[in-house]
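# Need the 3D shape of this:
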Amino acid sequence: MMNIPNEMNMDDAQWQQLIRQVAEHFNNLTIMRGFQYYKQKRVGPLTYTEQNGILAEVQGSNDYEVTLSLQSLNTSHCTCPVGSRCKHMIAVLMSYAEQLGRPVHGIVNAHSSTALKQAPKPASLATAGRSDYASHEEDLTTPDNQYSQIKERATELAELEIAEWHELFRACLKRLGTGTPSTSYVQAAADELYSIKPKLSAGMDQLFELHVQLYLIRFCVPGRNSITHTPVYLSYPAQLAVDALQKGLEQILSRPLDLSDLKGTKLEQHWKRLEETSAYLRTQMISETSSMMFFTPIYRQLWLNWIVPHLQENRKTLDSELEFLQEMENGLTAASIPPKPGESVLSVANLTENGSGAPIKSVTLPLPLVLAQSWMYFHLGQDEQAWQRLTSGSSAYGIPPEHLLHFLHVLSDSLEWKRLSEWLVQLGPLLANRRNSPLNDYMQLWDTAIHHLPDVEHRMWDTLVSMLPHSRPAYEEAMHSRGQWRRWMDFQLSTETEPLEFRVAVLQPIEKDAPELLLPFYHQAVDRYIGHKNRDGYKAAVKLLKRLSKIYKKLKQEEHWEQFITTLAVRNSRLRALQEELRKGKLIS
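Coordinates of the predicted model:
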């Protein structure tokens, strides 16, 4: 926290009062614009006055001076055309909140948090999903009695199924009233849920923490439109909340699952909760699309970090999960569901009807199902089956690159170099039509594999060639970084690349190590430039001819140079503009 005068610090009540003032005096659009200015660091140093004021300069289309009065935002002003209640004021308020150590998103979500506090409390409690619990609902006459009943029920959490956990969460959050997805609501809801958490084992504690986040992210993520089946996109406050929840989930699942204090029945109980967690995620992710995947990465990390490390060579759990996934596929196959907007399609060509050998029509499979099956095969070491899932049909090129690269990073982290090289070969074509960033990551993994297994380098070259033309930047960079000058030059000649398109730094090492390779490259381009028969082409030809002159000199072949330039000038003697450019370049007299 920055050094702020004592009188400018705020206790919780004063902070909440400031939030209420923001909601009263600024609309959501202004707050969002101010947040962008704050994130772009447009706010200069804050100066604090003796009258609980803040002075600051904000960079906009011009530099504007903001004078804030914390006691009354309504009397604050700015030198911008708006004059008051503007985005520049909001940006300064957020900088002040940052220096206080208060959450900036409290200001971002001022309207939703104020509405939440004003929402009426419900008078009744929804059923928690079990008849014995529901039977007491009518006996609960006050919110305190309801809350006590929930806390009492929560003491049995370890024995309850995951579905009952979520019903209990829903009942608990009734006290908050109707909220809208935002970071402030999510924080308030998390506080409510943790208030009912009983004492649990270390591993069960981790599961509780996971399911609090899962329940809240499900609240924030809308379902599909029931008529059009198109996804409903997140609002800005909801996106902020989901981002925070996803970050929290990553942190939770990055910590190893602690089963040290579990034995016998309690250990079996814990595994049951893990299996139910997988089933919950399996259900939630099945309707996700490549553009909105929230539960699919969580499912992947649950298996990778919490389940697989504790299998101890027991394939039964993985086989069972594959059976569940196959049942989901069979259900979709039987229903012949048409593809929904944004979903990937997997063509299952090897399925037959009634064992007759007659192929059935292509099946539309959700991308999360394809990825889930691939991960199970991956963990079982059945790589060919995993590749078949990932690379079959038109869905292959719709898989987001981060999901493909994750397979490779897992193998790299586990030091499985031979297996990594095989996966690099298989997944490379699926990344071929992507932007440079995934290909850069992909090539770094190839470098790592080759460092440990030099003999696989030839497979990298073969794979990159098979990925052309999409892999061209990566292919060129690989040749250049390894000093494969002849391979690099042959490629440029075959594609008729223009030498002048390259930065000098690209060609300098070739001029130093293998200048003779540049001769056909430059000669070929000179002929093309002259063939354009215009002034720009002649100027480009002269520029390259000067480079050729230096190379011939470096190779101590000045006689060949003189013979070449003389022949070129004579052959093109009728091109007066070219003759002028050659003289200007002092290539002929």
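
# Could you use CA atoms for every contact and neighbour count after this?
Fine.

# Angles on the backbone of Ala56, please.
Dihedral angles of Ala56 (phi, psi; degrees, to the nearest 10) stand at phi -160, psi 160.

# Which elements pack onto the helix or strand where His403 lies?
Assigned by DSSP states H and E, His403 belongs to helix 401-413. Other helices and strands packing on helix 401-413, by 3 or more Cα pairs under 8 Å, 6 or more residues apart in numbering; DSSP states H and E, are helix 417-427, helix 436-452.

# What mean pLDDT does that helix get?
Average pLDDT, helix 401-413: 94.

# Just the angle for that helix relative to helix 436-452, thanks.
Interaxial angle, helix 401-413 versus helix 436-452 (axes from the mean of the first three to the mean of the last three Cα atoms, to 10 degrees): 20 degrees.

# what about helix 401-413, distance to the chain center?
Taking Cα atoms, centre = their mean, to the nearest Å, one finds helix 401-413 lying 13 Å from the centre of the chain it belongs to.

# got the buried residues for that helix?
Using 16 or more other Cα atoms under 10 Å as the test for burial, helix 401-413 gives 401, 404-405, 407-408, 411-412.

# for stretch 428-446, same thing?
By neighbour count with 16+ other Cα under 10 Å, stretch 428-446 contains the buried residues 428-433, 438-439, 442-443, 445-446.

# measure it end to end?
Length of stretch 428-446, first residue to last, Cα to Cα, to the nearest Å: 10 Å.

# and it, how far from the chain's centre?
Taking Cα atoms, centre = their mean, the mean C-alpha location of stretch 428-446 is offset from the chain mean by 15 Å.

# any idea which helix or strand carries Gln319?
Gln isn't right for residue 319; it's Asp. helix 316-335.

# Run through the neighbouring helices and strands of whichever helix or strand comes after that helix.
Once helix 316-335 ends, the next helix or strand along the chain (criterion: DSSP H and E) is helix 367-380. Here helix 367-380 is seen to pack against helix 296-301, helix 316-335, helix 383-391 when contacts are counted using 3+ Cα pairs under 8 Å, 6+ apart.

# ok so, going back, just name the closest of the buried residues of stretch 428-446 to Ala56, please.
Nearest to Ala56 out of the buried residues of stretch 428-446 is Pro438 (Cα to Cα; 41.6 Å).

# sorry, back to before: so for the buried residues of stretch 428-446, which is the shakiest by pLDDT?
Among the buried residues of stretch 428-446, Asn433 carries the weakest pLDDT, at 66.

# chain center to stretch 370-387, what's the gap?
22 Å.

# sorry, that was for stretch 285-305
Put simply, stretch 285-305 sits 12 Å off its chain's centre (Cα atoms, centre = their mean).

# what sits up against it?
246, 249-250, 253-257, 278, 281-282, 284, 342-344, 366-369, 372, 375, 398-400 (Cα atoms under 8 Å, 6 or more residues apart in numbering).

# Export only the CA atoms of it, formatted as CSV.
Listed next in CSV are the C-alpha coordinates belonging to stretch 285-305 (Å, rounded to 0.1, in the frame of the first residue of the first chain):
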residue,chain,number,x,y,z
MET,A,285,-18.9,-29.8,-20.2
ILE,A,286,-20.8,-31.8,-22.8
SER,A,287,-22.7,-28.8,-24.1
GLU,A,288,-19.7,-26.5,-24.2
THR,A,289,-18.3,-25.2,-27.5
SER,A,290,-14.7,-24.4,-28.6
SER,A,291,-15.3,-20.7,-28.0
MET,A,292,-16.7,-21.1,-24.5
MET,A,293,-15.0,-23.9,-22.5
PHE,A,294,-15.2,-23.5,-18.8
PHE,A,295,-15.6,-27.0,-17.4
THR,A,296,-13.6,-29.0,-19.9
PRO,A,297,-10.2,-27.7,-18.7
ILE,A,298,-11.2,-28.4,-15.1
TYR,A,299,-12.2,-32.0,-16.0
ARG,A,300,-8.8,-32.4,-17.7
GLN,A,301,-6.9,-31.1,-14.7
LEU,A,302,-8.9,-33.1,-12.2
TRP,A,303,-7.8,-36.3,-13.9
LEU,A,304,-4.3,-35.2,-14.6
ASN,A,305,-3.4,-33.8,-11.1
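
# buried residues in it?
So, applying 16+ other Cα under 10 Å, buried residues of stretch 285-305: 285-290, 292-304.

# where along this structure do the strands fall?
47-48, 53-59, 63-69, 77-78 (DSSP state E).

# Make JSON lines from those and add mean neighbour count and mean pLDDT to it.
Below are the strands of the chain laid out as JSON lines (neighbours: other Cα atoms under 10 Å; pLDDT from 0 to 100):
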{"stretch": "strand 47-48", "mean neighbour count": "14", "mean pLDDT": "90"}
{"stretch": "strand 53-59", "mean neighbour count": "20", "mean pLDDT": "91"}
{"stretch": "strand 63-69", "mean neighbour count": "20", "mean pLDDT": "91"}
{"stretch": "strand 77-78", "mean neighbour count": "20", "mean pLDDT": "91"}
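
# that older thread, list just the nearest of the buried residues of stretch 428-446 to Val43.
Distances from Val43 to the buried residues of stretch 428-446, taken by Cα to Cα, are shortest for Pro438, at 34.7 Å.

# and the closest one, what is it in contact with?
Pro438 touches 401-402, 405, 431, counting by Cα under 8 Å, 6+ apart.

# Pull the most distant pair out of those residues.
Longest span within these, Cα to Cα: Glu402 and Leu431, 9.8 Å.

# now the stretch 101-250 of the chain, which segments are flagged as low pLDDT?
112-145, 223-232 (pLDDT under 70).

# would you list every one of the helices in it?
Assigned helices in the stretch 101-250 of the chain, in chain order: 105-108, 110-118, 131-134, 143-154, 162-172, 183-194, 202-220, 236-254 (criterion: DSSP state H, counting those that start in this stretch).

# nearest to Arg535, of the buried residues of helix 401-413?
Nearest to Arg535 among these, counting by Cα to Cα, is Pro401 at 45.4 Å.

# No more questions from me, cheers.
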